[in-house]
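> using only what follows, build the 3D model:
(one chain, ligands or ions: 1)
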Amino acid sequence: MNDLAIYRWLVVCRELDRALCVENPRWFPIEGEEATVVGSFVDLRPDDAVAPHYRDPFVVYLMRGAEMWRLASQVLGKAAGYNKGRSVPFNGPVELGVVPWVAGDLGTTIGTATGAALAFQQAGTDRVCVCTFGDGTANRGDVHEALNLAACWRLPIVYVCQHNGWAISEPESTYLRGSVAARAAGYGIPGECVDGNDVDAVRASVRRAVAQARAGLGPTLIEARTWRWRGHWAADEQTYRTQPEPEWLEDPLDLFGYRLLERGVASVDDLQCIHGEVGDEVRVAVERARAAPDAGAAELGLDEVYATPAEHVEPGAGWRGRITLTDAVIKAIAERMRADPRVFYIGQDVGRMGGSLLGTRGLVEEFGPGRIREAPISESAMVGAAIGAALFGARPVVEISFGEFLPAAMSQLVNQAPNLHYMTGGAARVPVVVRTRVGDGPYGGHPHDYSAWFGHLPGLKVVMPASPSDAAGLMLAAIHDDNPVLFIEPMSLAHGPRELVALDEIDVPIGQARIARPGRDVTLVAIGSMVPVGLRAAERLAAEGIEVEVVDLRSVQPLDTATVVESVQRTGRLVTVHEAWVTGGLGAEIVAAVAEAAPTLLHAPVIRVGTAPVPTPSGKVRPHALPNPERIIAAVRRVMAS
Ligand SMILES: Cc1ncc(C[n+]2csc(CCOP(=O)(O)OP(=O)(O)O)c2C)c(N)n1
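Sure, this is the predicted structure:
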């Protein structure tokens, strides 16, 4: 790209930003940092991915071909925004290779960006991703995890810290004790400090790093030193800014403009002409955005929370045999990996060791370490990278060994995965499976069952099989799905009873409960480990003449309340049981659904059974906290007596 074109982008960055600051006092101005933004992204190929920092990143989207008036529409809350007015306004169009901003939590998108690079590497391409982030954001654990993961896997990504000296009201002296680029040495990757106000210097540094990444030599961390000229947001009064501005301050446009004049590349008239043209372009775009209709009820998009399947899926190959729940999950994953080269696996100890609870036994032998990836202990980076890879064409399965570690990936699971499709106006697809294990297990650790937390989130599917056949069926369905699916295995059933599993015959749609045992007197709604426990209780109650209908929910989200309501229509009585706690749990949701759908159906008060309201203890105390057949039997007898 020639120098005048570069200058033009710098002017676009400044002029559009200034106009948007006038339109929206909450906009985050970029003034003073234009050279870092333009220099980091301007030399990329159209098929590369870009993940710019949140502070007015619009010039980057424009370089990719976005329409200015539609971006301005996002800042004005108009329906014409790429995000349909649904997300933070600095979100970008994923269809143009942009890693989108679908939440405001800083650092999380660095995991997603790292995943874009993972998808590129996994597909054997030489595409790269460039990702910028602030010097405040540099201190998020997510940033550290992502950089280390990228270093370990030699991912084709370039990280640029847009070091502007501020994090909202805090000067850098409060949160940085050393250079950000120096951290690169700790990851074993190249690090470099550059003058972030000099677009030539930023371009040269990023170009070197991109060449390195394209050649398969892994990531680089660049620190571009610049300065935030204005407030954190446009109308920020900056009462906190008490020190004089630094002496080294330089206007990136002046610096580059004078250089062009000195080199004889441009005349003053040429530069003024660019300012005039860009000013007009911005005015037209903003006026068009202003005149566009506001986003409103029409953009709510209740039916756009989940992506509908984009492609037809062939049934699985014809394997059958009597296997455990864990082996059924492995069979389903292996079948999908054979059929679809885009499917790969990320986890800890999933290689030669065969996985936690032997949950990946045999996979690395068949598929090799390139598709069964051993990951560092970095749950957030693992899930973030899987999400990003899914956004850019892969279909990863990522394993969080035990549910107790899910909170370590919470930003990714809660703010990223469920939001991406909806918040990008339906443009993004996130076919990622997050596999984990919860509950009572073969040894004392990792006891908590946090499944209910995740049933709360529109956009995330959550399943919990209770039998080998359902485990295989739900895993096949999860990998086929174009949405993020949290796949939760009850630990107590991992190596439980064997069952005949016929891979080519299984069809277990996500969100469909099953009647595990029919009965006329009481509906017992169970999930996961409590299904066999509930069935044992039902058997014993049958000897007393009480016929319990056991409903196995199989999915937490979407929740099949219709099957439950139909059952209660027959029985008139309801007991729920799950291994998680009762308060705010799935049982409460089931009871509410029945009360809403059929308030007059119940002949007796409902009872919810779950783990005692204590942090789930380990070892020999644990059985006293957990639900068991006796407690279920007592609950059923009570509802029968009332
Ligand atoms: C995880 C998270 N914590 C806190 C915030 C609130 N917050 C918004 S912007 C910001 C400052 C970020 O500083 P930096 O990364 O240096 O970027 P800059 O604003 O200077 O461009 C903070 C703390 C957030 N959005 N996300």
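
> residue contacts, the closest residue to the ligand within the stretch 451-600 of the chain?
With C-beta to the nearest ligand atom, the shortest gap between the stretch 451-600 of the chain and the ligand falls at residue 457, namely 17.9 Å. For every residue, glycine as well, the C-beta is placed using N, CA and C. Applying C-beta atoms under 8 Å, 6 or more residues apart in numbering, we find residue 457 in contact with 414, 418, 557.

> and it, which of the three is it?
On the three-state scheme (DSSP: H, G, I helix; E, B strand; the rest coil), residue 457 is labelled coil.

> ok, back up a step: top of the contacts of residue 457 by neighbour count?
Compared across these, residue 418 has the highest neighbour count, 26 neighbours, by other C-beta atoms under 10 Å.

> touching, that one and residue 456? I think so.
No - between residue 418 and residue 456 there is no contact under C-beta atoms under 8 Å: 9.7 Å.

> how close does residue 126 sit to residue 146?
Distance of residue 126 to residue 146, computed by C-beta to C-beta, to the nearest Å: 21 Å.

> neighbour count for those two, which is higher?
residue 146 (33 against 14).

> what helix or strand is the more buried one on?
helix 141-153 (DSSP states H and E).

> restrict that helix to CA atoms and write it as PDB.
The C-alpha coordinates for helix 141-153 follow below in PDB (Å, rounded to 0.1, in the frame of the first residue of the first chain):
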ATOM      1  CA  GLY A 141      -5.100 -13.700  33.400                       C
ATOM      2  CA  ASP A 142      -6.800 -14.400  30.000                       C
ATOM      3  CA  VAL A 143      -4.100 -12.500  28.200                       C
ATOM      4  CA  HIS A 144      -1.300 -14.500  29.900                       C
ATOM      5  CA  GLU A 145      -3.100 -17.800  29.300                       C
ATOM      6  CA  ALA A 146      -3.600 -17.000  25.600                       C
ATOM      7  CA  LEU A 147      -0.100 -15.900  25.000                       C
ATOM      8  CA  ASN A 148       1.300 -19.000  26.700                       C
ATOM      9  CA  LEU A 149      -1.000 -21.300  24.800                       C
ATOM     10  CA  ALA A 150      -0.100 -19.600  21.500                       C
ATOM     11  CA  ALA A 151       3.600 -19.900  22.300                       C
ATOM     12  CA  CYS A 152       3.300 -23.600  23.200                       C
ATOM     13  CA  TRP A 153       1.400 -24.400  20.000                       C
END
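
> return the set of buried residues in it.
142, 143, 144, 145, 146, 147, 148, 149, 150, 151, 152, 153 (16 or more other C-beta atoms under 10 Å).

> list, out of these, those positioned next to the ligand.
Restricting these to those touching the ligand (C-beta under 6 Å from any ligand atom) yields no residues.

> closest to residue 642 out of these?
Residue 642 has its nearest neighbour among the buried residues of helix 141-153 in residue 142, at 51.1 Å by C-beta to C-beta.

> tell me if I'm right that residue 23 and residue 74 touch.
No - Residue 23 is beyond contact range of residue 74, at 10.9 Å (criterion: C-beta under 8 Å).

> compare the two (neighbour count), which wins?
residue 74 (28 against 14).

> contacting residues around the more buried one?
81, 82, 83, 85, 89, 90, 91.

> now, which of the buried residues of helix 141-153 sits nearest the ligand?
residue 142 (8.2 Å).

> what does the lengthiest helix in the chain contact?
Counting by DSSP state H, the longest helix found in the chain is helix 268-291. Contact partners of helix 268-291, identified using C-beta under 8 Å, 6+ apart, comprise 4, 7-8, 11-12, 15-16, 19-20, 23, 67-73, 75-76, 78, 80, 257, 260-261.

> CA atoms of it as CSV?
Only the C-alpha atoms of helix 268-291 are listed here, as CSV (Å, rounded to 0.1, in the frame of the first residue of the first chain):
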residue,chain,number,x,y,z
VAL,A,268,0.5,20.1,1.5
ASP,A,269,-2.3,20.3,-1.1
ASP,A,270,-2.4,16.5,-1.4
LEU,A,271,-2.7,16.1,2.4
GLN,A,272,-5.3,18.8,2.7
CYS,A,273,-7.3,17.1,-0.1
ILE,A,274,-7.3,13.8,1.8
HIS,A,275,-8.6,15.6,4.9
GLY,A,276,-11.3,17.2,2.8
GLU,A,277,-12.4,14.0,1.1
VAL,A,278,-12.4,12.0,4.3
GLY,A,279,-14.3,14.7,6.1
ASP,A,280,-17.0,14.6,3.4
GLU,A,281,-17.1,10.8,3.5
VAL,A,282,-17.6,10.8,7.3
ARG,A,283,-20.3,13.5,7.2
VAL,A,284,-22.3,11.5,4.6
ALA,A,285,-21.9,8.3,6.5
VAL,A,286,-23.0,9.8,9.8
GLU,A,287,-25.9,11.6,8.3
ARG,A,288,-27.1,8.4,6.7
ALA,A,289,-26.7,6.6,10.0
ARG,A,290,-28.6,9.3,11.8
ALA,A,291,-31.5,9.1,9.3
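
> domain-wise, how is the chain divided?
For the chain, automatic domain parsing gives the domain ranges 3-237+244-300, 320-502, 515-641.

> which of the contacts of residue 74 has the most neighbours?
residue 83 (28 neighbours).

> tell me which helix or strand the residue lying closest to residue 540 once chain neighbours are set aside sits in.
Nearest-residue entry for residue 540: residue 633, 6.2 Å, with adjacent residues in sequence omitted and distances by C-beta to C-beta, 6 or more residues apart in numbering. Per DSSP H and E: residue 633 is located in helix 629-641.

> check which residues of that helix are buried.
629, 631, 632, 633, 635, 636, 639, 640.

> stretch 232-252 too?
232, 234, 236, 250, 251, 252.

> OK, contacts around residue 439?
By C-beta under 8 Å, 6+ apart, the contact list for residue 439 reads 403, 447, 449, 490, 491, 492, 528, 529, 579.
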